[in-house]
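Student: okay, here's the prediction I keep looking at, along with the sequence it came from:
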Amino acid sequence: MIQMLNKSKKTAFAAGLLCLCLLAATTAGVSARHVASTPNSGGLRFSVTLNGLEKIKNITLPMVNRMFGHITLPDESLDEHVSVLGHITLSLTDIQVSGFSIGSGAFAVDAPNEVALGLGDINLSVSLNYKWRRVHWPHASDHGSVTASTSDSAMAVGVALTAASGKLTAAAAAHSADFNNFKIKFHGSHVAWLYNLLMDLFKGKLKSSLQDAVSKELEKMINTNLNAALAKLPTQSHIGGGKSESNINTGFAAATAGTSSYGQYFSLLNEFAVSNAATGAACPLQNPVLPGLTPKVDHNMIEFMMADSFPNCLMQTLYENKFLTMTLTNKDVPKGFPLQLNTTYWAQYLPQLAEKYPGQLMQLDVSSQFSPYLNTSQELGAVAHLGIRINSSVVQSDGSLVHTHVMGVFGTLGLDLTITDGNNHTNITIHPRISKFTVNVTIEQSSIGPIDDSKLEGLVAMIGPILQQFANQLLSNGIPLPFSPLMYLVNPTITYQQGYFTVATDFDSKLPRSFMEQMPAPAPMPAPVVEPSVIKFN
């Protein structure tokens, strides 16, 4: 077993492999309810391209080199037949490996769910103590130390990821280590011809010992350590609070490796399913099928695809819990606000209201007619739709209410989506902002006689900006994306497709610096034990 890899270092190495997994983040009149869904659909897909895998390699290679900086291999005992010497026993002790460095590497993906990493140009040094003894008479023996080095060696590791019950599990798909070109130097003996006889024996044993130890450790890192890290990924989250709170199923639905007409990729599909925290009811809206890579996008290192159904389900919770239902009275209106709740002010839009109830205060009971929803498409971008019903009453001197009329307000909102990653590259969030707001106001019922709809045009011009401001305040917190705090986005862009939008971006990481700062420097390789050595005969 490689003793160097203690618990903290194993966890850190698994975290390095986990970067691969973390890289772990909507037309008028057509509701998201009508988008087809399949059992393999999800609300959020994260895909990493070969460029992204190359970036992950560049991030993690310094970490791997640091981790393998010093290795202690188990002692070895051999019972061998050597030319001239005959039958001997050989003991190798205090086997120390240092100077481990990987010069190159490359990722590859293999359908249906594998990622492979090949590492080359591996260099390392070995020091050890030895002792041999001839089994039969005359019982010659000797001891001393050896230093060795190897170059141009290689390692390979493959990981297959599977999603089940919301969790990701990893399995070692293939792993190997091939250490060649050993150069060995004996210390403590002057009988060169004799130790030339032992050279091949030493080379073979060092090679097999290193390869076996590294291969076993790679398998353990994937099947044990990486799975331990994956098991800690949360499968539940929540957004909002009180009436606005939604529970989010952040479990994984699928892990896929593949090739599309836009390139090779490895992809993680997240459920991103919403339920009402107050009632426990699952959102009835269905997710579309999100592709491995977004069509017609200049592909960066990674892509996030978010289905319209996710923000629509958040709105569904607000609608079901009557979060969008409110009562407005004159005291709720700020002084100087353009819309005042008294019949004198409303005389310019509804003259008969002021005639029948002169100088009286008003109350508006506002409710949503349906759950607001978002549609995205290449043609229209992001468009949101909402409908509000306003039940108007006048307030009598005794405080009682007299119903006057009901207005229907229907709005279509053009949305601009931006993405931020917060202070210190944390809290990656998509921010919707209403850039265009068209409003249509109709009279649905009147208790004050016929109302001329044309009188409401001025009201439309006034109420539109007010509702736009209100909606922007409602959306001001944005929609958070799940992402590792060790990663940050570089030049993200947002594009729109039918039923979903995509964030395509490059990324960088604080991982090497933070990891390297926490890891102790590898211990130096001990100096060879050089002793005057004479072959002894017993």
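Tutor: Great, that's in hand.

Student: low-confidence bits of this protein, can you list those?
Tutor: 1-41, 67-69, 188-194, 297-299, 422-426, 481-486, 511-538 (pLDDT under 70).

Student: and the helices in it, which stretches?
Tutor: In the chain, the helices defined using DSSP state H lie at 7-22, 50-67, 192-220, 227-231, 309-320, 343-346, 351-356, 457-474, 511-518.

Student: just checking the distance from the fourth one to the centre of its chain.
Tutor: If I follow you right, that is helix 227-231. 14 Å (Cα atoms, centre = their mean, to the nearest Å).

Student: over to the longest one?
Tutor: The offset between the C-alpha centroid of helix 192-220 and the centroid of the whole chain comes to 41 Å, using Cα atoms, centre = their mean.

Student: kindly report the same for the shortest one.
Tutor: Taking Cα atoms, centre = their mean, one finds the center of helix 343-346 at 54 Å from the center of the full chain.

Student: enumerate the positions of it that are buried.
Tutor: Neighbour-count burial for helix 343-346 flags 343, 346 (criterion: 16 or more other Cβ atoms under 10 Å). (C-beta placed from N, C-alpha, C; glycine too.)

Student: ok, now the longest one?
Tutor: Within helix 192-220, the residues that qualify as buried are 194-195, 198, 201-203, 205-207, 209-211, 213-215, 217-218, 220, counting by 16+ other Cβ under 10 Å.

Student: nearest to residue 383 among the helices of the chain would be which one?
Tutor: Of all those, helix 309-320 sits nearest to residue 383, with 12.3 Å by Cβ to Cβ.

Student: contacts for the closest one?
Tutor: 26, 31-32, 35, 43-44, 239-240, 243-246, 272-274, 276-279, 281, 283-288, 323-324, 368, 370-374, 432, 479, 499 (Cβ atoms under 8 Å, 6 or more residues apart in numbering).

Student: can you give me the strands for the stretch 401-538 of the chain?
Tutor: Using DSSP state E, counting those that start in this stretch, the strands found in the stretch 401-538 of the chain span residues 401-420, 429-446, 479-480, 487-497, 500-509, 536-537.

Student: ranking those strands by burial, who's on top?
Tutor: strand 500-509 (a mean of 21; mean count of other Cβ atoms under 10 Å).

Student: pull up the pairing partners for it, direction included.
Tutor: Take DSSP bridges as the rule and strand 500-509 pairs in its sheet with strand 302-307 (antiparallel), strand 487-497 (antiparallel).

Student: export those strands to CSV and tack on distance to residue 332?
Tutor: Shown next, in CSV, are these (distance: least, Cβ to Cβ, whole Å):
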stretch, distance to residue 332
strand 302-307, 35
strand 487-497, 36
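
Student: from residue 376, how far off is the residue nearest to residue 476 when sequence neighbours are not counted?
Tutor: Nearest residue to residue 476 in three dimensions, chain neighbours excluded: residue 431, at 7.8 Å (Cβ to Cβ, 6 or more residues apart in numbering). Distance, residue 431 to residue 376, by Cβ to Cβ, to the nearest Å: 15 Å.

Student: list the contacts of stretch 323-343.
Tutor: Stretch 323-343 is contacted by residues 243-244, 317-318, 345, 353-354, 357-368, 372, 388, 394-395, 462-463, 466 when judged by Cβ under 8 Å, 6+ apart.
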